[in-house]
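In: Okay, predicted coordinates and the sequence, questions at the end:
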Amino acid sequence: KGLGGKGPQRAPRIPSEFSPEERVTMKESLKGAIQIPTVSFNPGEYNTTALAEFGQYIREVFPTVFKTSFIQHEVVGEYSHLFTVQGSDPSLQPYMLLAHIDVVPAPDQGWEVPPFSGLERDGFIYGRGTLDNKNSVMAILQALELLLIRNYIPRRSFFIALGHDEEVSGANGAQKISALLQARGVQLAFIVDEGSFILDGFIPSLNKPFAMISVSEKGSLNLMLQVNMTPGHSSAPPEETSIGILAAAVSRLEQTPLPNMFGSGLPEMMLQQLATEFSFPVNIVFSNLWLFGPLVSRLMERNYITNALVRTTTAITMFKAGIKVNVIPPMAQSTVNFRIHPAQTVQEVLELVKNIVADDRVQFHVLNAFEPLPVSPSDDQALGYQLIRQTLQSVFPEVNIVAPGICIAQTDSRHYAHLTTGIYRFNPIYLTPQEFRSIHGINEKISVRNYETQVKFIFEFIQNADTDQEPVSHLHEL
Ligand SMILES: CCCCCCCC/C=C\CCCCCCCC(=O)N[C@@H](Cc1ccccc1)C(=O)O
Ligand SMILES: [Zn+2]
Ligand SMILES: [Zn+2]
């Protein structure tokens, strides 16, 4: 399976071995990046001082990247960065590596060390952005810097796009870079972005980690529900108030999960691929989903993470109402954030929601919506997927399970969907459920070892992508 054949004569491969000094520089550079608080608060509302400082910082720590003649660097939307690395063989279709330099806010409360300190403790570097997503920003540039120092010249061109507002929609970063590339007529072989990991301990009876490469991404719908009622004196209240009506409506939504879509796509494919790794009887259950599908589907619902894989989720995220203690509230508003399963559309979700609320007094306002992303290929012919597999095999020989999955959050890659059919969301680092909770949470941290291996992975990946071989089909014997 995978990439085959021996290509024509080419430059010798550069081994992914780093000196002790390089390893120290690598981790210190990441710490410095964490110390710059590139926080996004709201669309258009960022720490612009920090973003500008970050632009200077990468120039300082990756000087070779910035002075190499075959690399063009452009600042887009004021703070995002686009690198065009010109390969020596124009017949090879370019690809793109994505990451984002902004982070979500991190109040000090609850952190073992201040979130923008970048402190190292017990082999871990702490801080906002260590997993989401300065690790990728720095690892991509670090791997390229180290390759260039070793006189590497790529055969296949590639882009590196570093957005500055992914955490608040990507409208000024990724969307502008995407428009620029489209205007230049760029079509990409594939994209690699954040969005999944080598998952360790997510499935109770699976005792080994597995790499989940997300080949699709959930959509979203932010819906504002509003109820207007005539205001008046609270001493003679009406039977129902705008608050009561709206609270009942959102409660109905919370109590009525949208349909379980298990049976229509990727999670089943993932479990089938994992089946042989489980012991009896789980292996039998997962390899016979035609029979045990309903049982597995119910089990998936029980855990809040696997639940997010099988259905469109409903999260009531905002509620606003009332103006004074003794005034019947004229208006109540609530925002509900739906994450749409790839087997559904925005319109279908909207219809379902209206039927659940079933109250004409509730008005619906779509604040914004994004359709789920198409499923990228993960077969033997899929270059991006196969390159990730191949690189995993050499950098993580202990990880022998690779499966396609769904990204339950949204990534900047969605803004580039018209440039390629192959979008792969994968960070080459181990992640436990506890570490998953630290993303946007507290005590986000990365082990120095994990970070070094991420650099190694990208160092290898860039070289692997120089193949001119199309992935070969696996010949099945009859
Ligand atoms: C059986 C196996 C279980 C597997 C479970 C899956 C485990 C999940 C692993 C990784 C998911 C991490 C995702 C990291 C990417 C986070 C990206 C993000 O936060 N995006 C924002 C973007 C956004 C969108 C709209 C407005 C503002 C920001 C998001 O989705 O909210
Ligand atoms: Zn992110
Ligand atoms: Zn994030």
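Out: Structure's in. What do you need? Residues are numbered from 1 along each chain as shown. Ligands and ions are numbered 1, 2, ... in the order given.

In: what about the closest residue to G201 other than its chain neighbours, how many neighbours?
Out: Taking CB to CB, 6 or more residues apart in numbering as the measure, G201 lies nearest to T432, with 5.0 Å between them; neighbours along the chain are not counted. The C-beta positions use only the backbone N, C-alpha and C, and glycine is treated the same way. For T432, the count of nearby residues is 14 (other CB atoms under 10 Å).

In: go on, the one 3 residues further on?
Out: Counted with other CB under 10 Å, the neighbours of E435 add up to 22.

In: Just the buried residues of the host helix or strand of it, please?
Out: Here E435 sits within helix 433-438, counting by DSSP states H and E. By neighbour count, with 16 or more other CB atoms under 10 Å as the criterion, the buried positions of helix 433-438 are 435-436, 438.

In: Intersect those residues with the contacts of ligand 1.
Out: Checked against ligand 1 using CB under 6 Å from any ligand atom, those yield the following neighbours: F436.

In: Check the residue most central in space within the chain and give its pLDDT.
Out: The structure's the chain has its C-alpha centroid closest to G195; by CA atoms, centre = their mean the separation is 2.3 Å. On pLDDT, G195 comes in at 97.

In: Excluding sequence neighbours, find me the nearest residue to it.
Out: Counting by CB to CB, 6+ apart, the nearest residue to G195 once its immediate chain neighbours are dropped is R425, at 2.6 Å.

In: what bridges to that neighbour?
Out: Here R425 shows beta-bridge partners D193, S214, assigned using DSSP bridges.

In: about what we covered before: now do the contacts for the residue nearest to the centre of the chain.
Out: Neighbouring residues of G195 by CB atoms under 8 Å, 6 or more residues apart in numbering: 214, 217, 407, 409, 411, 413, 425-427.

In: Could you look up the SS state of it?
Out: In the three-state summary, G195 is assigned as coil, counting by DSSP: H, G, I helix; E, B strand; the rest coil.

In: Could you check how far it is from A179?
Out: Summarising the geometry, the distance separating G195 from A179, computed by CB to CB, to the nearest Å, is 22 Å.

In: How about A143?
Out: In this structure, A143 lies at 27 Å from A179, with CB to CB as the measure.

In: who has more neighbours, those two?
Out: Neighbours per residue (other CB under 10 Å) separate A143 from A179, with A143 holding more: 23 against 13.

In: Could I get the phi/psi values of S40?
Out: For S40, the backbone dihedrals are phi -100, psi 130 (criterion: degrees, to the nearest 10).

In: Could you check how many residues crowd around it?
Out: Using other CB under 10 Å, S40 has 25 neighbouring residues.

In: Just after whichever strand or helix holds S394, pick out the following helix or strand.
Out: Under DSSP H and E, the secondary-structure element containing S394 is helix 383-395. Scanning forward in sequence from helix 383-395 by DSSP H and E, the next helix or strand is strand 402-407.

In: The helix holding E435: what's the following helix or strand?
Out: Taking DSSP H and E as the definition, the helix or strand that follows helix 433-438 towards the C-terminus is strand 445-447.
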